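A.B. asks: Give me coordinates for this.
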Amino acid sequence: MTATPRLEEFGTHVRGTGQTVPMASAPQQPAHVADSHEVIRVVGARENNLQGFDVEIPKRRLTVFTGVSGSGKSSLVFGTIANESQRLINETYPTFVQQFMGQLSRPEVDRLENISPAIVVDQERMGANARSTVGTATDVHAMLRLLFSRIGSPHVGSPQAFSFNVPSVSGAGAVTIATGKNKGKRERRSFEITGGMCPECEGLGVMSDVDVDEVVDRSLSLAGGAIRVPGYTADGWMVKGYSESGFFDGHKPIADFTEQELHDFLYREPTKVKISGINMSYEGLIPKITKSMFQKDRDALQPHVRAFVDRAVKFMPCSACGGTRLNDGARSSTIDGISIADAAAMQITDLAAWVAQIGDASVAPLLQGLRQTLDSFVDIGLGYLSLDRASGTLSGGEAQRTKMIRHLGSSLTDMTYVFDEPSTGLHPHDIQRMNDLLLLLRDKGNTVLVVEHKPEVIAIADHVIDLGPGAGRHGGQITYEGDVAGLRASGTITGRHLDHRATLKTSTRTPTGAIEIRGAGLHNLKAVDVDVPLGILTVVTGVAGSGKSSLIHGSIPASGEVIVVDQAPIKGSRRSSPATYTGILDDIRKAFAKENGVKPGLFSANSEGACPACKGLGVIITNLGFTQSVETRCELCEGTGFSDDVLEYTLDGKNIAEVLAMSADEAAAYLGTGPAHTTLSRMIDVGLGYITLGQALNTLSGGERQRLKLAISMAKKGAVYVLDEPTTGLHLADVDNLLALLDRLVDAGNSVIVIEHHQAVMAHADWIIDVGPGAGRDGGTVVFEGTPADLVSQSETLTAQHLARYVGA
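C.D. replies: As a prediction, this is how the structure comes out:
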């Protein structure tokens, strides 16, 4: 039997030195690493910019992956390890099941050994299902439903009697008798299902009043384009289903419809019709678009669809259930005078306190699990939420922490949990509590992999893997692996900046004016009056949920003079890239056309220059009907998207595909001067020099999207810039560059307002507005206004305490 090496035997290895030194402070844990099966072994990793390295990652430990933005951290952790784990799991399912799960391609790696099932806890929003709430997404609502079904008074039924997603129905049907002398016989029996869904709003909590005149133009016929709903073109299949239904004349103006025809068109219940010889389901237009558009999460809709919904529908709380989603029966049962609707509407800190005082021994195990989960919400800084909060309204950081809570209660062990910057959106006060939960996941016997920049999170690592040394083509190598003490002494970019601290400004700028906010009451704000200075760098801070975003975004909306730069997805097609989004491609195409004496359109993969096989996509899409489509690299153009003829034309020795494969750094040197060079310089200024020009926009992180938006909006002078956590995704070494950029914006005559938790940005501010003192109901007030130096010396807020500790005051 192989002897079990101590954790210290992993040691600290600085790549390129050939030296291994003992770990300085090994955590006191059971010796996990018994043999080769106790590490995840990666051999020949080449995904994206990874340079074919080998690495071993200890299992059942907490490993943090560090490195500058674009160094390859996500390519290793998400693109290689997590992707292969999920691909292998998918392949264990029957083929017909795999067809509905999509195809995951094998990552570019020679060999992966000893990987366990991976659960990715990322910052993606939790979906657009209007029925999903914080309570349903974490199973807390399921525990509440069970609790009320057991000890609620009066007793109204099983747990489903408290579910707003289960309707109450009754009826009769044929059943097969399973036991007894009549076994195998079929007989008709009645049934009744008691659910908790409000029958008026169908469990949505809101009612919609549709303005029919925004949906249809009554002066036109269906064939003439009467339907004004996005996607319903006059000659399209959707409209054909109505105009050829036989219920009315598709060429008659809607205004001339009889009462019955209008009802059939707008409100008819689902029925079968035959269109062009094909049997189809017909449903009135209003209920059809209600399901497909009006009942979806508004923020998840495409902008043009969202604009239509805003025009056509007015939403209001359901008068029958008061917005609780539940029917009378579900709301009538109470525990100590509290209904399940009351409990779901409570701030979670209050709900945890209420559950703690319930002492019924008959449900003791259930109460224990419920209390632990609610305490986890509070511990991770989400105590200000309520269980009835729609999950689609959570920010990326809130969504990630909510998913973390869901997994904390799982009975699964020996899993691999993968986190993407879990400190995003967290005040320094909240990070330690989040760290405790990461360690709890590890101590349950799981492998925890964390991509992170914050020193506070790096500090708790059992093992650190630092990638670099640079970004893009200049990265993709492992520059260090070992413990945190070794990283600090390693001399890598991360190691050198681990203890770097910004200093408080010795002098601050003088404001040129102010935006006066009076009586702000959005969400948890308590009639806030505050002046936001102009002409300087103002940082708005406070714990998560204190009301920072409500104060700024709710009071200073985007306008001609106010440029809001957030992390929301950039809308565009699959063909969109940084080159198209910034307008750089137009200048590049013109330069190629001038050099070669041809039309600019020839250098567009969306136009004349497109590869004839893939139509400029670079991939061949195979539509498998009822399954997800499969994409394969186009062999004709080798993924460039351009025809061979176009690639014959060059500019300074490079063809158009080679230019689009350049990073912003490389393209800036290649182009030298001109408008495109100016835009590229701004991309480099905001820390995006490693992004390639032809990279798909949907592959950018939230922080990268925000910095790209900032790069193209920097040309304006005399504007007010509002930035929401611009340090997201930035390496410690890049934060100083961001601060210099913010200074340049202000010095150019702009005003900059930054919502931020990073202490380096706070220390660099001219003025700080601290919102708090706590979160949710315990926040919503301005607890400090002044300079960073005054905050440290005069204030006792949580922000002041952490900033003072950061600067060593």
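
A.B. asks: got the contact list for the residue lying closest to Pro557 once chain neighbours are set aside?
C.D. replies: Nearest residue to Pro557, sequence neighbours excluded (CB to CB, 6 or more residues apart in numbering): Val564, at 7.5 Å. The C-beta positions use only the backbone N, C-alpha and C, and glycine is treated the same way. Contacts here follow CB atoms under 8 Å, 6 or more residues apart in numbering; on that basis Val564 touches 553, 557-558, 722, 724.

A.B. asks: Now, the residues you listed that are in helices?
C.D. replies: His553 (DSSP state H).

A.B. asks: Is there a quick ChimeraX command that grabs whichever of the contacts of Val564 are buried?
C.D. replies: A single ChimeraX command selects the buried members of those (16 or more other CB atoms under 10 Å):
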select :553,722,724
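
A.B. asks: Grab the two from the contacts of Val564 that are most spread out in space.
C.D. replies: Taking CB to CB as the measure, those span a maximum distance of 13.4 Å, between Pro557 and Asp724.

A.B. asks: per-residue confidence at the residue nearest to Pro557?
C.D. replies: What the model reports as pLDDT for Val564 is 90.

A.B. asks: Which of the three states applies to it?
C.D. replies: Under the three-state scheme (DSSP: H, G, I helix; E, B strand; the rest coil), Val564 adopts strand.

A.B. asks: where does the stretch 51-200 of the chain have low pLDDT?
C.D. replies: For the stretch 51-200 of the chain, the stretches flagged by pLDDT under 70 are 96-103, 127-128, 171-180, 191.

A.B. asks: 80 instead?
C.D. replies: Applying pLDDT under 80 to the stretch 51-200 of the chain flags residues 94-105, 123-129, 170-193.

A.B. asks: Include pLDDT and distance to Asp342 when you put the contacts of Val564 into JSON lines, please.
C.D. replies: What follows is the contacts of Val564, written out as JSON lines (pLDDT from 0 to 100; distance: CB to CB, whole Å):
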{"residue": "His553", "pLDDT": "92", "distance to Asp342": "30"}
{"residue": "Pro557", "pLDDT": "85", "distance to Asp342": "34"}
{"residue": "Ala558", "pLDDT": "82", "distance to Asp342": "37"}
{"residue": "Val722", "pLDDT": "95", "distance to Asp342": "37"}
{"residue": "Asp724", "pLDDT": "91", "distance to Asp342": "33"}
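
A.B. asks: Distance to Glu283 added to the contacts of Val564, as JSON lines?
C.D. replies: Below are the contacts of Val564 laid out as JSON lines (distance: CB to CB, whole Å):
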{"residue": "His553", "distance to Glu283": "38"}
{"residue": "Pro557", "distance to Glu283": "38"}
{"residue": "Ala558", "distance to Glu283": "38"}
{"residue": "Val722", "distance to Glu283": "43"}
{"residue": "Asp724", "distance to Glu283": "41"}
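
A.B. asks: Now flag whichever of the contacts of Val564 is closest to Ile458.
C.D. replies: Nearest to Ile458 among the contacts of Val564, with distances taken as CB to CB, is Asp724, at 23.8 Å.

A.B. asks: circling back: just the contacts of Val564 now: which is nearest Ile57?
C.D. replies: Asp724 (33.2 Å).

A.B. asks: Which strand residues bridge that closest one?
C.D. replies: According to DSSP bridges, the residues that bridge with Asp724 are Ile755.

A.B. asks: Isn't it up against Leu710?
C.D. replies: No: Asp724 lies out of contact with Leu710 (CB atoms under 8 Å); the separation is 10.9 Å.
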